[in-house]
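[1] Predicted structure and sequence below. I'll ask about it afterward.
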Amino acid sequence: MSPERALEVLEPGPLTTVQDRGRPGRAHLGVPPSGALDRPAAELANRLVGNPGGSAVLETTLTGPLLRVRADSGVLLAVTGAPVELHVDGRLHDARAAVWAPAGSEVRVGTCTAGMRSYLAVRGGIAVAPVLGSRSYDVLSGLGPAPLAEGDVLPVGTPEGSVPGVDHVAVEPGDAVPVLRVLPGPRDEWFADEAWDVLTGTDWEVSQDSNRVGVRLAGAPVPRRRTDQLPSEAVVTGSIQVPQDGQPVLFLADHPTTGGYPVIGVVDEDDLPLAAQARPGTTLRFRLGTTSHR
């Protein structure tokens, strides 16, 4: 890695973090999985610039950063995920395309016009020091590099392999109201008979309190048969916990490894990017899923 290859943070955005594929397999140590919430978008950004899929990228939240390229020959970058405007030295570039940013240029990732999180990949990857095998920041435990702050200098790794031949991909419009497939959880006996009808028949509003730990939902209370406290037990990404007030919480990548509320269901991992892109105030729905697509 050359010391001249880096991105200087001029403006960090409200929450911009370094993310890769996270720290799976460490739940027994109390370490959340972490990693990019919309993994397909992060891996697409890496492919556009010729990186391995698990290379570290920047995950933005609603509004992205302003960066200065500190590289003798410039860098190749791409932005995917929630649609945003990308400017290099004030010039607007197409989203979801490989873009060349010359040495000394300023790169601005704008505000999402839809969705919640965008991903900026730079050829060579963001080469901050890994923690427990990952460069991801985990908001729950604080593991990994801290969120971007003004004045930070992010090292960029040495590119590997050749530049890909495809430098642009089409934008696929999403559904106006995302529908997430969910499988029954381990605690059916804790819920009333009508609980599944409520879960799958309600238009759930995403709460302002949502974050990388989980999506908090507001709607018709999911009725519980039991209201006592469940002894703490392991939970996985995608779990839908139901507290005593009946308002579900859908766990994302930075979730705690154990929880004390019953889990009514688990969202299909292929649908978790939809939850990651659901901004506060928008609506999502659940439907009973199957495992036949595996």
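    Cool, got the structure.
[2] what residue ranges in the chain score low on pLDDT?
    For the chain, applying pLDDT under 70 flags the ranges 1-3, 166-168, 170-174, 291-294.
[3] Apply 90 and report the result again.
    Scanning the chain for pLDDT under 90 picks out 1-4, 26-30, 71-73, 94-97, 160-176, 186-188, 227-231, 290-294.
[4] Quick check: the residue most central in space within it vs G219, distance?
    By C-alpha atoms, centre = their mean, the chain has its centre lying nearest to L37, at 2.0 Å. According to C-beta to C-beta, to the nearest Å, L37 and G219 sit 22 Å apart. Quick note: C-beta positions are derived from backbone N, CA and C, even for glycine.
[5] residues touching V177, list them.
    Contact analysis of V177 by C-beta atoms under 8 Å, 6 or more residues apart in numbering lists 203, 283-285.
[6] which element is it on?
    Under the criterion DSSP states H and E, no helix or strand holds V177.
[7] Repeat that for the one 5 residues further on.
    Of the helices and strands defined by DSSP H and E, V182 is found in strand 179-184.
[8] Can you list the strands that that strand pairs with?
    Sheet pairing for strand 179-184, assigned by DSSP bridges, gives strand 263-267 (antiparallel), strand 283-288 (parallel).
[9] who touches the first one?
    Contact with strand 263-267 is made by 180-188, 190-191, 195-196, 199, 222, 235-236, 238-242, 248, 250, 275, 286, as judged by C-beta under 8 Å, 6+ apart.
[10] one more time with 7 Å
    180-187, 191, 195, 199, 222, 235-236, 238-242, 250, 275 (C-beta atoms under 7 Å, 6 or more residues apart in numbering).
[11] The residue nearest to the centre of the chain contacts G115, doesn't it?
    No: counting by C-beta atoms under 7 Å, L37 does not reach G115; the two are 11.0 Å apart.
[12] what residues does the strand holding V182 touch?
    240, 265-268, 271, 274-275, 284-289.
[13] okay, whichever helix or strand comes after that strand in CSV with CA atoms only?
    Using DSSP H and E, the helix or strand that directly follows strand 179-184 along the chain is helix 195-201. Below are the C-alpha coordinates for helix 195-201, written out as CSV (Å, rounded to 0.1, in the frame of the first residue of the first chain):
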residue,chain,number,x,y,z
ALA,A,195,-50.4,-12.8,16.3
TRP,A,196,-49.3,-14.0,12.8
ASP,A,197,-52.3,-12.4,11.2
VAL,A,198,-51.4,-9.1,12.9
LEU,A,199,-47.8,-9.3,11.9
THR,A,200,-48.5,-10.1,8.2
GLY,A,201,-51.6,-7.9,7.9
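[14] and whatever helix or strand comes next after helix 195-201, what does it pack onto?
    Heading C-terminal from helix 195-201, the first helix or strand you meet, by DSSP H and E, is strand 204-206. If you count contacts as 3 or more C-beta pairs under 7 Å, 6 or more residues apart in numbering; DSSP states H and E, strand 204-206 packs onto strand 214-218, strand 283-288.
[15] In the strand holding V182, which of the residues would be classed as buried?
    For strand 179-184, burial by neighbour count (16 or more other C-beta atoms under 10 Å) applies to 180-182.
[16] what's the answer for stretch 187-205, then?
    Result for stretch 187-205 [16+ other C-beta under 10 Å]: buried residues 187, 190-191, 195-196, 198-199, 202, 204-205.
[17] from the middle of its chain, how far away would it be?
    Centroid displacement of stretch 187-205 relative to its chain, using C-alpha atoms, centre = their mean, to the nearest Å, is 26 Å.
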